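> dropping a prediction and its sequence here:
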Amino acid sequence: MQERDALKIATECFRHSFPSISPEAILAFLVAADTDRASIDMIAQTIGHTDPDTRRYLSQLQAGSGFGLIRLVSDSDGATYVQLTDTGLSLVTEIETAYTVAAIS
């Protein structure tokens, strides 16, 4: 299966539960989900956007102000990291399951 197909599957999972989510927020989530201790700076660099833009995308995902998929945690080193919530972890499982089913088909 090609990367494009995997991204399509992930996007479909997001759109099913969160139809108004932006493509940039989806990319930011996928980077955070695939990386231990994903900082905002690292996510911004990976998706090719500025830190302020990335913070805006992440705000769509946050618990409290957004869809409740992530929380932002400040560390003693001064960086802010993304931590998946239980809802975010469930979405990762849903995406992985959909990917596995598609790969078998």
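It's in. Residues are numbered from 1 along each chain as shown.
> any weak-confidence spans in the chain?
For the chain, the stretches flagged by pLDDT under 70 are 1.
> quick one: the strands in the protein?
38-39, 70-74, 80-84 (DSSP state E).
> for the ones you listed, which one sits closest to residue 52?
strand 80-84 (12.6 Å; C-beta to C-beta). (Each C-beta comes from the backbone N, C-alpha and C, glycine too.)
> quick one: contacts of that closest one?
28, 32-33, 37-40, 43, 58, 69-75, 92 (C-beta atoms under 8 Å, 6 or more residues apart in numbering).
> for this structure, longest helix please?
helix 86-104 (DSSP state H).
> could I get the strands of the chain in JSON lines, plus columns for distance to residue 14 and mean neighbour count?
Output for the strands of the chain, formatted as JSON lines (distance: least, C-beta to C-beta, whole Å; neighbours: other C-beta atoms under 10 Å):
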{"stretch": "strand 38-39", "distance to residue 14": "17", "mean neighbour count": "20"}
{"stretch": "strand 70-74", "distance to residue 14": "13", "mean neighbour count": "15"}
{"stretch": "strand 80-84", "distance to residue 14": "14", "mean neighbour count": "18"}
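> export the ones you listed to a markdown table and append columns for distance to residue 13.
As requested, the strands of the chain are exported to a markdown table (distance: least, C-beta to C-beta, whole Å):
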| stretch | distance to residue 13 |
| --- | --- |
| strand 38-39 | 19 |
| strand 70-74 | 16 |
| strand 80-84 | 14 |
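> which among these is found nearest to residue 9?
Short answer: strand 80-84, nearest of those by C-beta to C-beta, at 18.4 Å.
> what strands line up against that closest one, and which way round?
Its sheet considered, strand 80-84 pairs with strand 38-39 (antiparallel), strand 70-74 (antiparallel) by DSSP bridges.
> run through who's touching the last one.
Among residues not part of strand 70-74, those counted as contacts by C-beta under 8 Å, 6+ apart are 29, 32, 40, 58, 61-63, 80-85, 88.
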